[in-house]
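# Structure for this input, please:
(2 chains)
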2 protein chains.
Amino acid sequence: MDQELLRARYGDDIPEAAALNDVLRLLINHRSCRHFSSDPLPEGLIETLVAAAQSAATSSNTQTFSVVVVEDAARRARLAELSNRQAFIAQAPVFLCWVADLSRLYRMGERHQQTLEGLDYLESFIVAAVDAALAAQNCVVGAESLGLGTVYVGGLRSKPEEVAKELALPPGAVALFGLSLGWPDPARATEIKPRLPQRLVLHREQYGITAEAETLTRYDETLADFSERQGMGRQAWTPRMMQRVGTPAALSGRHRMIEMLRNLGFPLK
Amino acid sequence: MDQELLRARYGDDIPEAAALNDVLRLLINHRSCRHFSSDPLPEGLIETLVAAAQSAATSSNTQTFSVVVVEDAARRARLAELSNRQAFIAQAPVFLCWVADLSRLYRMGERHQQTLEGLDYLESFIVAAVDAALAAQNCVVGAESLGLGTVYVGGLRSKPEEVAKELALPPGAVALFGLSLGWPDPARATEIKPRLPQRLVLHREQYGITAEAETLTRYDETLADFSERQGMGRQAWTPRMMQRVGTPAALSGRHRMIEMLRNLGFPLK
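The predicted model follows:
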């Protein structure tokens, strides 16, 4: 069974892994969910998941993230509109906006009449982004352990100034990504998506690029097979990636990220 | 028992959470481990944890991260020296360097004689940083499910150019943070660290800052109590944070992050 799970994740390039336990199986079994049922979520669920999120490590305990939980259907529809019109944002009962949040510390400085200059640097934005991501991933793992489905929404970064207005974010806070959360639609089950073979991702002692081109040719085949089974035609990885990062226009407005973050109160020195 | 766990995490500000399951208990029970035993790690462990890491969501399946696994004691000692001299890096048997890695896609573009301009933007660095963080957190959860201890090392960003040389990173790759991994020293058990009350982190529909100052005063007390119990004196949150982000110098060299990332092949347009 564990071998089948690893085969789904890696195609024929299965790593020499140790025996799995239930948590590892849960993690490796992840797939994003883009079709939700309309069933409501249990009472106290969000507080439980946020407790899991806050329990993730955070740089020097700075806790530079927040989460805005959106349930209001009209607001979810507006946020879907601001996030490249992804239909599942309106469909899932909850949309969590994960915020890289230096504003709490900026306000602390103001209350104590001290300018906290360190916050103005790109480094502090990176700390906040990593804090938010570690927290969100704990939320996802906790949600999946309950049988819930999730999908991250990077499209929430396409119009961050308008999103900040919608969520009433203070200066020094930006919605870094969204997360739709709900019960998966049982009629729309999805497969595990194959990832890059470990030899391209896991390096021993130093970074190496042995046999990269050949390995990617094989991964292109594995992913094209997967995509065909999903009824999306034979989409290989290489052409998809070349398109995805080929031009500034392909970034869906996010080529303006430095300017947009500065407008939102991150000087990025 | 669940109430005790939540009390350890939140002091008296316990959220109205739903019932927990084993995975949620594991997540909420997290604490960083800074003292390791010298016991070796099981065969295949790293491959298993990397499979969990690669199973995390990744932006458009770009998979813009790598991990360099360092076991060599001399290299770990050198990396400890480059990371603000944290002793546990040399003590734990394994040090994982999590790499925000656009280099794989840059190389793909070169092989296909196409300039992938989208990679040159801050947005692509953010994608890579978030991908690396989501993956690393899955690794941490998997490790803790096996009884292992971990601690993140943001100090790995203090001298990223020298770290890149040590790890032979190609252009477009930067070690974003480290992770020491090993069996916890049973003689040095740690407590769960209290986090901010949920009312400061979890916002409903829109961001709110009601009663922030009073809530932080109470959190300062909770954290001072914790720190006293750990034998570190009464360290409250507010003064610690003011010091941590007060000046560029407090960033331990990371106030040069934009320049350092550009030197490593991230144009950050």
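
# number of nearby residues for the spatially closest residue to A:A18 that is not a sequence neighbour?
Spatial nearest neighbour of A:A18, chain neighbours left out: B:G44 (3.5 Å); criterion: C-beta to C-beta, 6 or more residues apart in numbering or on different chains. (Glycine included, C-beta is placed from N, CA and C.) Neighbourhood size, B:G44 [other C-beta atoms under 10 Å in any protein chain shown]: 14.

# what's the answer for the one 5 residues further on, then?
Other residues near B:L49 number 33, with proximity taken as other C-beta under 10 Å.

# Provide a list of residues in contact with the nearest residue to it once chain neighbours are set aside.
Excluding its sequence neighbours, the residue lying closest to B:L49 (C-beta to C-beta, 6+ apart) is B:C139, at 4.7 Å. Residues in contact with B:C139 (C-beta atoms under 8 Å, 6 or more residues apart in numbering or on different chains) are B:49-50, B:52-53, B:67, B:96, B:150, B:179.

# looking at this, A:L181 is in a helix?
No - according to DSSP: H, G, I helix; E, B strand; the rest coil, A:L181 belongs to no helix; its state is strand.

# which residues does it bridge with?
Beta-bridge partners for A:L181, by DSSP bridges, are A:V94, A:T150.

# is it true that it touches A:T150?
Yes - counting by C-beta atoms under 8 Å, A:L181 does reach A:T150; the two are 5.3 Å apart.

# Correct me if wrong: A:P40 contacts A:P93.
Yes - the pair A:P40 / A:P93 is scored as a contact, 6.4 Å apart, by C-beta under 8 Å.

# With neighbour numbers in mind, choose between those two.
Between A:P40 and A:P93, counted using other C-beta under 10 Å, the more crowded position is A:P93 (17 against 12).

# Hey, what's the angle from the longest helix along chain A to helix B:122-145? Just curious.
In chain A, taking DSSP state H as the definition, the longest helix is helix A:122-145. For helix A:122-145 against helix B:122-145, the angle by axes from the mean of the first three to the mean of the last three C-alpha atoms, to 10 degrees is 50 degrees.

# which residues in chain A form strands?
Taking DSSP state E as the test, the strands found in chain A are A:65-70, A:94-101, A:149-153, A:173-182, A:202-204.

# In JSON lines, list those along with mean neighbour count.
Formatted as JSON lines, these follow (neighbours: other C-beta atoms under 10 Å in any protein chain shown):
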{"stretch": "strand A:65-70", "mean neighbour count": "24"}
{"stretch": "strand A:94-101", "mean neighbour count": "26"}
{"stretch": "strand A:149-153", "mean neighbour count": "23"}
{"stretch": "strand A:173-182", "mean neighbour count": "26"}
{"stretch": "strand A:202-204", "mean neighbour count": "19"}
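
# now those as a markdown table including mean pLDDT?
Shown next, in a markdown table, are the strands of chain A (pLDDT from 0 to 100):
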| stretch | mean pLDDT |
| --- | --- |
| strand A:65-70 | 98 |
| strand A:94-101 | 98 |
| strand A:149-153 | 98 |
| strand A:173-182 | 98 |
| strand A:202-204 | 98 |
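
# Redo the contacts of B:C139 as JSON lines? Include distance to B:P194.
Compiled in JSON lines, these are given as follows (distance: C-beta to C-beta, whole Å):
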{"residue": "B:L49", "distance to B:P194": "28"}
{"residue": "B:V50", "distance to B:P194": "32"}
{"residue": "B:A52", "distance to B:P194": "28"}
{"residue": "B:A53", "distance to B:P194": "28"}
{"residue": "B:V67", "distance to B:P194": "31"}
{"residue": "B:L96", "distance to B:P194": "27"}
{"residue": "B:T150", "distance to B:P194": "20"}
{"residue": "B:L179", "distance to B:P194": "23"}
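
# Report the two of these separated the most.
B:V50 and B:T150 (13.9 Å; C-beta to C-beta).

# just to revisit the earlier point, dump the strands of chain A to TSV, plus distance to B:Q198.
Output for the strands of chain A, formatted as TSV (distance: least, C-beta to C-beta, whole Å):
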stretch	distance to B:Q198
strand A:65-70	10
strand A:94-101	13
strand A:149-153	20
strand A:173-182	17
strand A:202-204	37
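
# how about the ones you listed, which one is nearest A:Q230?
strand A:149-153 (15.0 Å).

# and the angle from that closest one to helix B:122-145?
Using the same axes, to 10 degrees: strand A:149-153 against helix B:122-145 is 150 degrees.

# and strand A:149-153, what does it pack onto?
When contacts are defined as 3 or more C-beta pairs under 8 Å, 6 or more residues apart in numbering or on different chains; DSSP states H and E, strand A:149-153 sits against helix A:122-145, strand A:173-182.

# Tabulate these (CSV), appending distance to A:P239.
Compiled in CSV, the helices and strands packed on strand A:149-153 are given as follows (distance: least, C-beta to C-beta, whole Å):
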stretch, distance to A:P239
helix A:122-145, 28
strand A:173-182, 25
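
# before we move on, back to that, give me the common contacts of A:L181 and A:T150.
A:A143.
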